[in-house]
Structure formats: C-alpha cells, structure tokens
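In: Output the structure for:
(chains A and B)
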Amino acid sequence: MTPLVEMRNISLRFGGNQALDKVSVNLYPGEVVGLLGHNGAGKSTLIKVLSGAYQADAGQIFVNGQEVTIRTPQDAQALGIETIYQNLALADNLDAVANVFLGREKVRGVVLDEDFMELEARKTLDRLKVKIPSLRLPVAQMSGGQRQTVAIGRAIYFKARCLIMDEPTAALGPEETAKVGELIKALKAEGVGIFLISHDLHDVFDLADRLTVMKNGRVVGTVYTQDVSHDDVLGMIIGGVMPKNVRPAQAPLPQ
Amino acid sequence: MQMQSTARARTSLVQSLGVDGRILTMLIVLAVVWTVFQLLTMQQPGQFLSPQNLWNLSVQTAVVGIMVGGMVMVIVTRQIDLSVGSILGFTGMIMALIQTVPPLGWGGHWLLALLAGLALGALIGAFQGYWVAYWGVPAFVVTLAGLLIFRNATFIVASGRTIGPLDDNFKVLGGGLNGSIGEFWTWVVGLVVMAFVVYQALSNRSRRLKNGLPVRPVWAEGLVTGTLLALILAFVLVMNAFPYPGTNIPRGMPVPVLITLVVLFVLNWVALNTRFGRYVFAIGGNPEAALLAGINVKRMLVAVFALMGMLAALAGAVQAARLNFVTNSMGNLLELDVIAAAVIGGTALSGGSGTIVGAALGALLMSSLRSGMVLMGLPTEWQNVVLGLVLLAAVIWNTVYLRNRR
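Out: Residues are numbered from 1 along each chain as shown, chains lettered A, B, ... in the order given. Below you'll find the predicted structure:
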C-alpha cells in the first residue's frame, strides 16, 4: 500500500530559526495521524508546507507515490489536499455559501452562480449534521460550531483525499467537539486521510491511529496510539524521548 | 424585555424585506432631510423640492457619485485613497491641455483627451496600488504622497495657468446647456431600467423557487420592487420637469448624472455578482483567508486602486466639462467629500463592510445637506460644521450597528 501523502526530510529555515529540520511524516488512506508538540515545535509550519502556504527549503513531498511540487494553496487543492486552519480562515463578513466556495466560485460566464453554490453548500453542510439556519448570514454571526462546520464543509465539498485539521476543536464547546469527532470518523470511513493537530491529548487519543510527536522542528518519533499511554506521549512532547519498547509505526497496523 | 422583543420584531421585518438595514436607514434619513429642507424653504422662491433644485442637486452629486463606488471598494479592502482629488485635478488638466486650441493647449481631439485622461488615471492608481500591494507601504502614506505630487504636478504642467475653453462635444459630459439627454431619452432610460428591475425581480424569484431556495415573502418582494419603481418614475418626472430657460422644453437627465448612474450600476453589479467583487469583500473580511483561498490579493489591490484612479479621472472629465475652464485647484479637498460620502453610506473603515448603494445615498445626503443649507443662506463655515457633525453621527451609528451584528 502506498501512502496517500509522504513528506520526506522537509527542512525550512526562517532567518536564524530552523523551523523544520529533516522532518518526515506519512499518511495512509482512511487513517488519522495526530501531530503533537508544544507551540513552536513546528507542527503548524509543517502542515503549511503541505498546504502550500509555505515552501520548504529542502525535502520531498509524495502524493500517492508520485513526487509533487506544491507552491501555492491551489497546487495543494488540485492534489486533493485541503486544510482547515486553526484560525478557521473564514472571511467573517461573507456568508456561509461564499466561504465554502471562496477562491473556487462557480461562475456562468463572469456571473457568480449563487443558486448553484447555495444548493451545493446546503447539501454539503447538511451532511455534517450541524444546524445552520441561514446560509446567507455573515459567518461572524454564527456559533463556533457552525463556523467550524462551514470550514469543514469547504474542505469536503471539494473532495479532499487528505484533510489537514489544525486545532479543529480549539474554539468549540463539548457538544460541538463531539460532533467534529463523529465527522472525523465518518470521513475516515470514506477513506480520507487526516492529519489532526491538537493540544488536547484526549481528542487525539480518541481519534488518531498513529501519533507523530515533534519538538524543536524535529520529529521525536511516530507511534501507534494503542501502544502508548498519555504519560508516554507527554514524555515525548516535553522530554523529546521515545518511550521504551514500542514498535516503529511507519505504516498503519494491518487490519 | 419589552424593548428586546420590539427590537426582534423590527429586525425580522427588515430581514424579510431583504434590504440592508443601513440602506433603509439612509433612505429614511434622506426623506427626513428633504422634508425638513422643503418646510424651511417653502416661503422662498427657490424651494428645496422644486424640479430646478433637484435637477441641480443631481448634477452636484455627480462628481462625488462617480468616485464614491470606487472608494467603497478601496475602503472595503482595508485601504484608503487620499489622492482622488488630486488625480481628478491632474487628469482633468491633462484632458484640458490635450483638447484646448494652441497656443494654450495641444489642439487634440476631445475623445483622445478623454481616453488619455482615463488611461492616465488608471495608471496613477495602479502605480499607487503597486507600492501598497507589493511593498506593503501603507496606503495612507502612498496616497498622501500622491495628493501632494499630483496636486502640484497639475500646476506644473499648466505652468499655473487656467486652461480652456474646452471642446463643445466634451462639454456635453458636464451637463451644461447641451449636456442633457432630453425628455424622450430620459423616458427611454427610465422605462428600460424599470423593465429591467421587474424582470430581475421576477426571474430571480422564479429561479430560486425552481431550485427550492428560500425567497422573500410576496408582500416584501412587491414592496421593495414597487418602491424602486416609484423612485425611478419620480426621478424621470423630476428630470423632465425642469425646462431650458425661457422655453417649455424639458432638459431631461443631465449627461453627468447618466454617467454617474451607469458607473454606480456597473460597480454595484460587479461588487455583488462577480468574483472580483467577492474577492474585494473577502480581502477586507480576512486578508489571510483570502490568501489561503488562493486569491491573488496583491493583484486585486492594484486593480482596485487602478479602478479608483480611473473613476477619479472620469470625475475629472465631468468636472472639467462642467467648468469649461480647468484651474489648478480643481478637485481640491474632494477626497474628503468622497471618503465622507462612503462612510456616511455605511462603509466601515475597518474594511470588509460597505455597499455601493449606501455610499451613493451617502453622496446624495451630503450634497442635499449642502444644497439645502445654501438655499437657506447658511454661511459656508456653518455648512461645514453641520456636514462634519453628520459625518461623526454616521460613523458612530455605523460602529454601533456593526457591533450589534456581532
């Protein structure tokens, strides 16, 4: 089985700061890989390289075994890589429909096809089972969960094969967090690969199949979630040490 | 409790009308202002609501009206353009120089002058936008520099002289003696627009119903469309009620007003129905989101400034044509009127929020206040104090409105 996405020896320097130092991670279809680490460990930088917001100084990216070059967010989107950013990357003043289609509007000639977009957005958001009464209100007027739904709807409408979720539950209450969890499971069942970045160890333990821990721009190690305890993972995050006697986890467990 | 429920009832009423609350408020304010001025000027020969005054008012609104839509787009993208008055003056002067007969000018064709002026305006706008977009220089400073540069470049290219008279064909743009389209064509324009409004309302509604999308209630649809039709009809009647001096021949709509309406219509359409418009608002709402969505933010900013520059040049052409002679100070401080009109019309300086229609009403409100105060014989100083207070009130109200919406 070839990985959906593989990042090999990615390095990136910001001025004097080595933000990423030969980082390698991979992701297989239908699995969730949790990316963990302190603020500044390089998680967000790494996914921004994958989503086309940053360009790496060195290293390779493979999608379905093919080496690819990702220079812009559009390049990533064309490869089926969609990102849900921590700050949600929604235009607060626009409505849900405009946000779902932002940058990829359906047009007839030069005119926006609002009806088409509203219908499609409605269908997509209904799938996510979070009630959004009016798709025509500015998303600034929506709750955290509704906004998150719009952000996720934006990613799945365009048939993401690889979904990057940066702190998807940071702004949500417990109920909404649970909904996002269900959604992740549903997407997984559809064969979507998901990189999940979170501070909340409970979330990650619930949802992720494998965990990749980063510290100071390097990968500490990748482990199977079922092999480790919270304390093991905290040791990796804080101390940067691998727990003793765990298997290497470079591919998902055989089913 | 009582107040809350009333407030909710009112919101839902406004919501079912499907009209921006700020635009509705503008219309009400305008109606009040017009009524008050009419009452105050009832006893004198020049009444506020006389066809003559309203006709003049429309011409006086034209120059700011042409530019205000562009300014809305600039402000919505979180930028500002302080140079529009100077660009107006500079391009107006260049247009005058090209067409005025030698030795004062170069004796070129008026159409060449107009096109060159528009191109120059767009170029100046793009130049300023380039520094803002690609170098991250604050627009406030770039366009402040532009204000200085082009105001004084106007003096330099004309060696300080007043340039004119302008070509008679060009002067049509200004709405002078031959600058109206006449009774017949005013009716044609009015009826075409009315037919379009009805067609638009019906086809939108049936298409949305066919697609199973929510529509506003019939009474709301009827009320909005009906009001719009009544306003257009009233406008046509007023324009056709002001005759040429010493005759019964109605002037009809002045050319500058026609230009303004076309510009505003096109800009409003672009803002609401095209990717360009959508991206203008997206950039203003969240520049980072726009960037991550793959929008070329830098190119968009250059385009918005170029559009503003071109509109300033078009306003320059109208102003020049109206005055017949272009002076060095033409358009001086006009940037403030344009920005004030946009802000009074509900454009938020924090970006991401504003409407072309609101700004157009803002421009109309400003010129109405000025015109009314002139009729009442208020000194200029007091006029400006009142306009300043109105601007302040509008900003405060707009801030409260946006805060309550969060």
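In: any chance you could map the helices in the stretch 151-300 of chain B?
Out: With DSSP state H, counting those that start in this stretch as the definition, the stretch 151-300 of chain B shows helices at residue ranges B:168-171, B:182-210, B:218-239, B:255-273, B:275-285, B:287-292, B:297-323.
In: between the second one and helix B:218-239, how many degrees?
Out: Computed with axes from the mean of the first three to the mean of the last three CA atoms, to 10 degrees, the direction of helix B:182-210 lies at 170 degrees from that of helix B:218-239.
In: Tell me which other helices or strands helix B:182-210 touches.
Out: When contacts are defined as 3 or more CB pairs under 8 Å, 6 or more residues apart in numbering or on different chains; DSSP states H and E, helix B:182-210 packs onto helix B:218-239. C-beta here means a position set from N, CA and C on the backbone, and glycine is covered the same way.
In: Can I get the helices of the stretch 151-300 of chain B in TSV including mean pLDDT and mean neighbour count?
Out: Putting the helices of the stretch 151-300 of chain B into TSV (pLDDT from 0 to 100; neighbours: other CB atoms under 10 Å in any protein chain shown) gives the following:
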stretch	mean pLDDT	mean neighbour count
helix B:168-171	92	18
helix B:182-210	93	14
helix B:218-239	92	15
helix B:255-273	95	20
helix B:275-285	96	23
helix B:287-292	89	20
helix B:297-323	97	25
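In: Below-threshold pLDDT in chain A: ranges please.
Out: Flagging of chain A using pLDDT under 70 yields the residue ranges A:86-88, A:255.
In: Can you show me the strands along it?
Out: Applying DSSP state E to chain A gives strands spanning A:5-14, A:17-27, A:32-36, A:58-63, A:66-68, A:81-84, A:107-108, A:111-112, A:162-166, A:193-197, A:210-215, A:218-224.
In: now for the second one, which elements pack on it?
Out: In this structure, strand A:17-27 makes packing contacts with strand A:5-14, strand A:32-36, helix A:43-50, strand A:193-197, strand A:218-224, judged by 3+ CB pairs under 8 Å, 6+ apart.
In: Just give the strands next to it in its sheet, each with its orientation.
Out: Applying DSSP bridges, strand A:17-27 is found paired with strand A:5-14 (antiparallel).
In: The fourth one now?
Out: Its sheet considered, strand A:58-63 pairs with strand A:5-14 (antiparallel), strand A:66-68 (antiparallel) by DSSP bridges.
In: ranking those strands by burial, who's on top?
Out: Ranked by mean neighbour count under mean count of other CB atoms under 10 Å in any protein chain shown, the strands paired with strand A:58-63 are led by strand A:5-14, which reaches a mean of 18.
In: what angle do it and strand A:162-166 make?
Out: Our comparison of strand A:5-14 with strand A:162-166, counting by the same axes, to 10 degrees, yields an angle of 40 degrees.
In: export strand A:5-14 as CSV, just CAs?
Out: Extracted in CSV, the C-alpha atoms of strand A:5-14 (Å, rounded to 0.1, in the frame of the first residue of the first chain):
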residue,chain,number,x,y,z
VAL,A,5,0.9,11.6,1.5
GLU,A,6,4.5,11.3,2.4
MET,A,7,6.7,14.2,3.4
ARG,A,8,10.4,13.3,3.4
ASN,A,9,13.2,15.2,5.0
ILE,A,10,11.4,18.5,4.9
SER,A,11,13.6,21.5,6.1
LEU,A,12,12.6,25.1,6.4
ARG,A,13,14.5,28.0,7.9
PHE,A,14,13.1,31.4,9.0
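In: the inter-axis angle of it versus strand A:193-197?
Out: With the same axes, to 10 degrees defining the directions, strand A:5-14 sits at 30 degrees from strand A:193-197.
In: Now tell me what touches strand A:5-14 from outside.
Out: A:18-27, A:45-46, A:49-50, A:54-63, A:81, A:162, A:193 (CB atoms under 8 Å, 6 or more residues apart in numbering or on different chains).
In: so what's the residue in the stretch 101-250 of chain A that chain B sits nearest to up against?
Out: Among the residues of the stretch 101-250 of chain A, A:Gly103 lies closest to chain B, at 3.2 Å counting by CB to the nearest CB. With contacts taken as CB under 8 Å, 6+ apart, A:Gly103 has the following neighbours: A:Pro73, A:Gln74, B:Ala290, B:Ala293, B:Gly294, B:Ile295.
In: From A:Leu12, how far out is the second one?
Out: A:Gln74 sits 20 Å away from A:Leu12, taking CB to CB, to the nearest Å as the criterion.
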